[in-house]
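Asker: next come a sequence and a model predicted from it.
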Amino acid sequence: MKILICQFGNETNSFSLGKTTWETLVSHGWIEKETVLNLFEGTASYVGGAIRAMREEGVEPLPIDLATKGGNFGAGPTMSMECARYAMDHITEQVKEHLSEIDGVFFAVHGAGRTETEEDLESYCFRRMRSVIGDLPMMSSLDAHANLSHDMVALSDGLFGIKTVPHVDCEEAGYRAASVLIQTIRGELKPQMALCRLPLLIPATTGFTLSGVGKEILEHNRLYREEHGLLDVTFFFGFSATDAHCSSCSVLVVADGYDPIAEAEELAEFVWERKSGFEGESLSCAEALSRAEAQIKEGYAVVNEASDNPGGGAPGDATHLLREMLRRNQKGYVMGPLYDPEAAGYIHENCRVGDRISIAVGGKTDPRGGEPIELEDALVVNLSDGKLISAAPINRGVAMDYGKSVRLRQGNVELILVSDRFQTYDDRPFLMTGCDLSQARVLGLKSMNHFKGYFQHTADAIVTADPPGVCPIDLKQYDYQNLCRPILPLDDEAEIPSFKNWGKKEGK
Ligand SMILES: [Zn+2]
């Protein structure tokens, strides 16, 4: 047996300025098929998990070129249709070449992509794939932030979401999707899916599974799956910054040989009863820093500037948190990766380690992120090529490339500038510049939840700041045009006739 492996997707923030093009989606282009097994086997990634399942079952993995960023998916503004078409043209061309020799397709997608014209990027991708493979079995792993649509379910033979935020089970989702695919090809399983969408948007910052209601749902679903002998149960948090008819949270159940709609409705009801648990508290940078400082013991506290999370489609160059850190000018303050390829490139060209420089940093993409900050006579502490291997649970072992990077010091505050956008997952973007976190007191960084996979074990405290930005906790700041309405928290609570029928009408 041979199974083709491919990956393409995007987490679209409709309220982020600009367009996601092929160049911005994956700055280094395709991961070429010849290198995929070497790069991903044994890593904590979707593809790593799929390869493991195939190896265990004596199935030959047949990777084609992958579109992936750090093993996962890029996030950013609305994707250009040209980008989606180009990627799917390239993928389907390669699938055609191998069609006569493959038994199935493993297709890792995100689930919250949209383009200028396709509100549901994954359905577009699946339709393109179906036009080539016909009825050949195709299954996918998806992100926990996927906005699931009934079209996606109809076009796929099996969808397997990650369950955790931070996403520590990407490998497991890839493994499960590939395992069920193999058993289905062998005729041992007949998976059927049931989807219930809920009229609820969850801010990406408040939807996590380390504690609270998210953890309760995670544990409940795991037990429920075991007790009912289901192939899979996923609560998808959805991605609330995608303005599309399919944006919402949802429950998807996969069963063997029957339609598990009753189970999906029961699990949707369980979430609905607990929806108030996803409401969040919004702190300014000053409030968050004060609260963090008060909780430092022997080590450091982390303040995450969630509203500027590049992993949520924000630019990663907002200056609100850095400005407040510079104003306080405390010893041991370190601001993690700030996206500014212009400044980082200029310093690499013109400075050596030990030089001093006056330069404007950040604040160059979106006015919501604040003005650029004029550094004066800042010390160039170190330069880095930005290459690292991730140590975070979400993508451990995967190579990442921040591009030309710089560590600067202004007063007591250190700052790391980078040339490519990633949210902060772990200590590696600090270490790549030689920054020793054992000396740090407060770390500022840009991420909503995934950094916690690493930092919950190392930081004395974690406090979330919610200054103005592209990913706010208060979703009423967004001017939505395309959602299924009514939906919480935008509208007053509506009577829900049944979860299985809500949001079924696709498109406007
Ligand atoms: Zn996600």
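Answerer: Thanks, I have the structure now.

Asker: got the phi/psi numbers for Cys471?
Answerer: phi -120, psi 70 (degrees, to the nearest 10).

Asker: contacts for the helix or strand Arg222 falls within?
Answerer: Arg222 is part of helix 212-228, with elements assigned from DSSP states H and E. Contacts of helix 212-228 from elsewhere in the structure, counted by CB atoms under 8 Å, 6 or more residues apart in numbering, are 163-165, 207-209, 230, 232-235, 237, 263, 267, 270-271, 274, 277-278. C-betas here are computed from N, CA, C, even on glycine.

Asker: got the contact list for Cys170?
Answerer: 44-46, 49, 71-72, 141, 162, 394-395.

Asker: could you rerun that using 10 Å?
Answerer: 43-49, 71-72, 108, 141, 143-144, 162, 164, 393-396, 398 (CB atoms under 10 Å, 6 or more residues apart in numbering).

Asker: buried subset of the contacts of helix 212-228?
Answerer: Among these, the ones that count as buried by 16 or more other CB atoms under 10 Å are 163-165, 207-209, 230, 232-235, 237, 263, 267, 270-271, 277-278.

Asker: just those: which are in helices?
Answerer: 263, 267, 270-271 (DSSP state H).

Asker: what is the nearest of those residues to the ion?
Answerer: Using CB to the ion, Val271 comes nearest to the ion of those, at 17.4 Å.

Asker: residues in contact with the closest one?
Answerer: So Val271 contacts 196, 198, 200, 202, 213-214, 216-217, 220-221, 235, 237, 249-251, 277-278, 499 (CB under 10 Å, 6+ apart).

Asker: at 7 Å what do you get?
Answerer: The contact partners of Val271, taken as CB atoms under 7 Å, 6 or more residues apart in numbering, are 198, 217, 235, 251.

Asker: re earlier: if we look at the ion, which of the contacts of Cys170 are close to it?
Answerer: Asp143 (CB under 5 Å from the ion).

Asker: which among the contacts of Cys170 end up buried?
Answerer: Those of the contacts of Cys170 that meet the buried threshold are 43-49, 71-72, 108, 141, 143-144, 162, 164, 393-396, 398, by 16+ other CB under 10 Å.

Asker: confirm that Ala75 sits in a strand.
Answerer: Yes: Ala75 sits within a strand when classified using DSSP: H, G, I helix; E, B strand; the rest coil.

Asker: spatially nearest residue to it (excluding sequence neighbours)?
Answerer: Glu11 (3.9 Å; CB to CB, 6 or more residues apart in numbering).

Asker: before we move on, what about Arg409?
Answerer: Using CB to CB, 6+ apart, the nearest residue to Arg409 is Leu379, at 4.4 Å.

Asker: which SS class is that neighbour?
Answerer: State at Leu379, reduced to three classes by three-state DSSP: strand.

Asker: count the residues that sit near it.
Answerer: 17 (other CB atoms under 10 Å).

Asker: also Val303?
Answerer: 28.

Asker: ditto for Ser498
Answerer: Neighbours of Ser498 under the rule other CB under 10 Å: 10.

Asker: please apply the same query to Arg327.
Answerer: For Arg327, using other CB under 10 Å, the count is 12.

Asker: cool, Gln295 as well?
Answerer: The burial count for Gln295: 12, using other CB under 10 Å.

Asker: excluding chain neighbours, what is closest to it?
Answerer: Here the residue nearest Gln295, using CB to CB, 6+ apart, is Ala461, at 3.5 Å.

Asker: local confidence estimate at the one you found?
Answerer: pLDDT, Ala461: 97.

Asker: residue of the stretch 1-150 of the chain closest to the ion, please.
Answerer: Per CB to the ion, His145 is where the stretch 1-150 of the chain lies closest to the ion, at 3.6 Å.

Asker: need the contact list for that residue.
Answerer: Contacts of His145 by CB under 7 Å, 6+ apart are 11, 112, 204, 237-239.

Asker: CSV for the residues you listed, including pLDDT and distance to the ion?
Answerer: Putting the contacts of His145 into CSV (pLDDT from 0 to 100; distance: CB to the ion, whole Å) gives the following:
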residue, pLDDT, distance to the ion
Glu11, 95, 6
Ala112, 97, 8
Ala204, 91, 8
Phe237, 98, 8
Gly238, 98, 10
Phe239, 97, 7
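
Asker: report whether the lowest-mean-pLDDT helix or strand in the chain contacts the ion.
Answerer: Ranked by mean pLDDT, DSSP states H and E, the helix or strand of the chain with the weakest confidence is strand 74-76, at a mean of 89. No: residues of strand 74-76 are not located near the ion by CB under 5 Å from the ion, the shortest gap being 8.3 Å.

Asker: got a pLDDT number for the residue positioned nearest the centre of the chain?
Answerer: Central residue of the chain (CA atoms, centre = their mean): Gly311, 5.3 Å from the mean position. On pLDDT, Gly311 comes in at 90.

Asker: assign it to helix, strand or coil.
Answerer: helix.

Asker: need phi/psi at the closest residue to it other than its chain neighbours.
Answerer: Distances taken as CB to CB, 6+ apart put Gln423 closest to Gly311, at 3.4 Å, once the chain neighbours are dropped. Dihedral angles of Gln423 (phi, psi; degrees, to the nearest 10) stand at phi -70, psi 160.

Asker: same check, this time on Cys83
Answerer: Dihedral angles (degrees, to the nearest 10) for Cys83: phi -60, psi -50.

Asker: which non-adjacent residue is nearest it?
Answerer: Cys83's closest residue in space is Trp22 (CB to CB, 6+ apart), at 4.6 Å.

Asker: now do the same contact list for the one you found.
Answerer: Contacts of Trp22 (CB under 7 Å, 6+ apart): 83, 86-87.

Asker: just for this structure, where's the confidence low?
Answerer: 494-495, 497, 505-508 (pLDDT under 70).

Asker: whichever of the contacts of His145 end up buried, select them in ChimeraX.
Answerer: Selection command for ChimeraX covering only the buried members of the contacts of His145, criterion 16+ other CB under 10 Å:
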select :11,112,204,237,238,239
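
Asker: mind putting the contacts of His145 into a markdown table with distance to Ile31?
Answerer: Formatted as a markdown table, the contacts of His145 follow (distance: CB to CB, whole Å):
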| residue | distance to Ile31 |
| --- | --- |
| Glu11 | 18 |
| Ala112 | 21 |
| Ala204 | 26 |
| Phe237 | 27 |
| Gly238 | 28 |
| Phe239 | 24 |
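
Asker: what about the nearest residue to Gly257 once chain neighbours are set aside, how many residues nearby?
Answerer: Of all residues beyond its chain neighbours, the one nearest Gly257 is Lys190 (4.9 Å), with distances taken as CB to CB, 6+ apart. Per other CB under 10 Å, the neighbour tally for Lys190 reads 12.

Asker: same deal with the one 4 residues further on?
Answerer: Using other CB under 10 Å, the number of residues around Ala194 comes to 21.

Asker: I'd like to check which residues are in contact with it.
Answerer: 253, 259-261, 263-264.

Asker: got it, and Lys452?
Answerer: 166, 210, 462.

Asker: by neighbour count, which of these wins?
Answerer: Highest neighbour count within those: Pro166, with 24 neighbours (other CB under 10 Å).

Asker: so that one sits right up against Tyr454, yeah?
Answerer: No: Pro166 lies out of contact with Tyr454 (CB atoms under 7 Å); the separation is 8.3 Å.

Asker: format the contacts of Trp22 as CSV; extra columns: neighbour count and distance to the ion.
Answerer: Shown next, in CSV, are the contacts of Trp22 (neighbours: other CB atoms under 10 Å; distance: CB to the ion, whole Å):
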residue, neighbour count, distance to the ion
Cys83, 23, 20
Tyr86, 14, 24
Ala87, 24, 19
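
Asker: I appreciate the help and will end here.
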